[in-house]
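Enquirer: below is the structure, and that's it, no one-letter string:
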């Protein structure tokens, strides 16, 4: 492999060619055959007290730590995840349970072969979990933000990564604390069949993600008041850290490829370095440290191992993220019926050849500026927006998004407020 020289304006250092090659090989490992594709769906849930509607935190009595401990009986002991003695994650075939920074409970489901498979796997997750929640007086709700709790009332869970994120994002971002402690999302992951197919899916996902976010918006409240933002999740993430959130730099340039993505990731300051899987680590600093160096400084002059690769990639939070699959990240937390509808739409648009080719043709010649303009239009004008010059009625039909939300989410005390 020949590693080209790059001239990204935001780079202060040069990526180590061995590191770049490591990431490119990792992306190559994700290539699937067109008849062997699947889905992954992640749904984050906001835990609240049944009697008060207030957020439930990790360490409080009858809190999220107790829920996870009780849930272990249904999961594989080999997949329990602890940090400094704190139980933070569980897993079994098809289902992983983890915690977001504010104690939000995330279930990762897949690999799913059909969108219809989502309901069955999610039902299994809730079958085990719901009696435990009832025991501790907890409900899970699916909104993009806590309905009746400020971020100031929520403590970060005991995880080194999240301590570092809080210190970093809290310092540089207007909504850093809000995003970490009180927000929740739905994410859908899809496979790719070649390098070009991966780039095409990154581009299309970035272009249409904000439009689908409008149709699936689900955030009635923000900081205990009516939400003033048409797309709160977008507002939070777009202004957190432009070097690692929002759009990928140069995505719509003609020569954009996996190497560009790798260099972008590797030359961005790492807000936390997880050295627990670096054999050369000598104990000269904490295993989890936050030096704000780039990967070339932090990691040895060799190919990176998979744990190091996963960690580095996980410190980027673009609208659409490349791993050894493509992760679409634009959407609020959704109740299961709406999450399944979203998955159906994604499946149709990205896996039906004629539909995807139609999207590629329609967006031929798209630029980063076009996408920024469309996102700003949605945020400024809401239902009256015309992203890419077309009405939202046009996009509902074009994206086959019929049956999605037509009006504002409405009052948080509507009948489905306490339904996950």
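Expert: Perfect, I can see it now. No experiment lies behind these values; they were computed from the predicted model shown.

Enquirer: name the next helix or strand downstream of the longest strand seen in the chain, please.
Expert: As assigned by DSSP state E, the longest strand anywhere in the chain is strand 39-49. The helix or strand immediately downstream of strand 39-49 is helix 64-71, counting by DSSP states H and E.

Enquirer: from the chain's centre, how far out does that following helix sit?
Expert: 23 Å (Cα atoms, centre = their mean, to the nearest Å).

Enquirer: now stretch 190-197
Expert: With Cα atoms, centre = their mean, you get 19 Å for stretch 190-197.

Enquirer: buried set for it?
Expert: 190, 191, 192, 193, 197 (16 or more other Cβ atoms under 10 Å). Any C-beta I mention is one placed from the backbone N, CA and C, and that applies to glycine too.

Enquirer: equivalent analysis for stretch 115-130, please.
Expert: 115, 117, 118, 121, 122, 124, 125, 128, 129.

Enquirer: so after the helix or strand harbouring residue 263, what's the next helix or strand?
Expert: Assigned by DSSP H and E, residue 263 falls within helix 258-266. Sequence-wise, the next helix or strand downstream of helix 258-266 (DSSP H and E) is strand 273-274.

Enquirer: thinking again about what came up before, okay, and which of the buried residues of stretch 190-197 map to helices?
Expert: residue 197 (DSSP state H).

Enquirer: which ones among the buried residues of stretch 190-197 are found in strands?
Expert: Those of the buried residues of stretch 190-197 lying in strands (DSSP E): residue 190.

Enquirer: list just the nearest of the buried residues of stretch 190-197 to residue 23.
Expert: residue 192 (14.9 Å; Cβ to Cβ).

Enquirer: roughly how far does residue 288 sit from residue 268?
Expert: Residue 288 sits 18 Å away from residue 268, taking Cβ to Cβ, to the nearest Å as the criterion.

Enquirer: tell me if residue 134 really is in a strand.
Expert: No: secondary structure of residue 134 (DSSP: H, G, I helix; E, B strand; the rest coil): helix, not part of a strand.

Enquirer: that one: neighbour count?
Expert: By the measure other Cβ atoms under 10 Å, the count of residues near residue 134 is 11.

Enquirer: and for the one 3 residues further on?
Expert: When counting by other Cβ under 10 Å, one arrives at 13 neighbours for residue 137.

Enquirer: for it, which residues are in contact?
Expert: Contact analysis of residue 137 by Cβ atoms under 8 Å, 6 or more residues apart in numbering lists 49, 50, 51, 62.

Enquirer: would JSON lines of those residues with pLDDT and neighbour count be doable?
Expert: Formatted as JSON lines, the contacts of residue 137 follow (pLDDT from 0 to 100; neighbours: other Cβ atoms under 10 Å):
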{"residue": "49", "pLDDT": "98", "neighbour count": "18"}
{"residue": "50", "pLDDT": "97", "neighbour count": "13"}
{"residue": "51", "pLDDT": "96", "neighbour count": "8"}
{"residue": "62", "pLDDT": "98", "neighbour count": "13"}
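
Enquirer: for residue 275, state which of the residues you listed is nearest.
Expert: Closest approach between these and residue 275, by Cβ to Cβ: residue 62, at 35.5 Å.

Enquirer: surely that closest one is in contact with residue 132?
Expert: No: assessed by Cβ atoms under 8 Å, residue 62 is found out of contact with residue 132, at 10.6 Å.

Enquirer: now the angle from the longest strand of the chain to helix 64-71?
Expert: On the basis of axes from the mean of the first three to the mean of the last three Cα atoms, to 10 degrees, strand 39-49 is oriented at 120 degrees to helix 64-71.

Enquirer: return the list of helices and strands in contact with strand 39-49.
Expert: If contacts are counted by 3 or more Cβ pairs under 8 Å, 6 or more residues apart in numbering; DSSP states H and E, strand 39-49 sits against strand 105-112, helix 117-136, strand 138-141, strand 185-190, helix 336-351.

Enquirer: which among these is found nearest to residue 74?
Expert: helix 117-136 (4.2 Å).

Enquirer: that older thread, more neighbours, residue 288 and residue 268?
Expert: Using other Cβ under 10 Å, the more surrounded residue of residue 288 and residue 268 is residue 268, with 20 against 16.

Enquirer: residues contacting residue 105?
Expert: Residue 105 neighbours (Cβ under 8 Å, 6+ apart): 44, 45, 47, 64, 67, 97, 99, 140.

Enquirer: redo these as a markdown table? Include distance to residue 228.
Expert: Shown next, in a markdown table, are those (distance: Cβ to Cβ, whole Å):
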| residue | distance to residue 228 |
| --- | --- |
| 44 | 22 |
| 45 | 24 |
| 47 | 25 |
| 64 | 29 |
| 67 | 33 |
| 97 | 33 |
| 99 | 29 |
| 140 | 25 |
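
Enquirer: are any of these buried, and which?
Expert: 44, 45, 47, 64, 67, 97, 99, 140.

Enquirer: ok, the nearest residue to the last one once chain neighbours are set aside - contacts?
Expert: By the measure of Cβ to Cβ, 6 or more residues apart in numbering, the closest residue to residue 140 outside its immediate chain neighbours is residue 45, 3.8 Å from it. Taking Cβ under 8 Å, 6+ apart as the contact definition, residue 45 lies against 104, 105, 106, 107, 140, 141, 142, 184, 333, 420.

Enquirer: ok, back up a step: ok, the buried residues of stretch 115-130 vs residue 383, which is closest?
Expert: After measuring the buried residues of stretch 115-130 against residue 383 - Cβ to Cβ - the closest member comes out as residue 115, at 27.1 Å.

Enquirer: any idea of the pLDDT on that closest one?
Expert: We note a pLDDT of 89 for residue 115 in this prediction.

Enquirer: for it, helix, strand, or coil?
Expert: coil.

Enquirer: then residue 361?
Expert: Per three-state DSSP, residue 361 ends up helix.

Enquirer: the helix holding residue 263 packs against which elements?
Expert: Using 3+ Cβ pairs under 8 Å, 6+ apart, helix 258-266 is in contact with helix 17-29, helix 195-215, helix 295-298, helix 306-314.

Enquirer: mean pLDDT lowest where, among the ones you listed?
Expert: For those, mean pLDDT drops lowest on helix 295-298, to a mean of 90.

Enquirer: for the helix or strand residue 357 falls within, the averaged confidence score.
Expert: Using DSSP H and E, residue 357 falls within helix 353-362. In this model, helix 353-362 has a mean pLDDT of 98.

Enquirer: and the contacts of that helix?
Expert: For helix 353-362, using Cβ under 8 Å, 6+ apart, the contacting residues are 200, 204, 208, 348, 349, 350, 398, 400.

Enquirer: can I get the buried residues of stretch 190-197 in JSON lines including distance to residue 38?
Expert: Formatted as JSON lines, the buried residues of stretch 190-197 follow (distance: Cβ to Cβ, whole Å):
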{"residue": "190", "distance to residue 38": "8"}
{"residue": "191", "distance to residue 38": "6"}
{"residue": "192", "distance to residue 38": "12"}
{"residue": "193", "distance to residue 38": "12"}
{"residue": "197", "distance to residue 38": "15"}
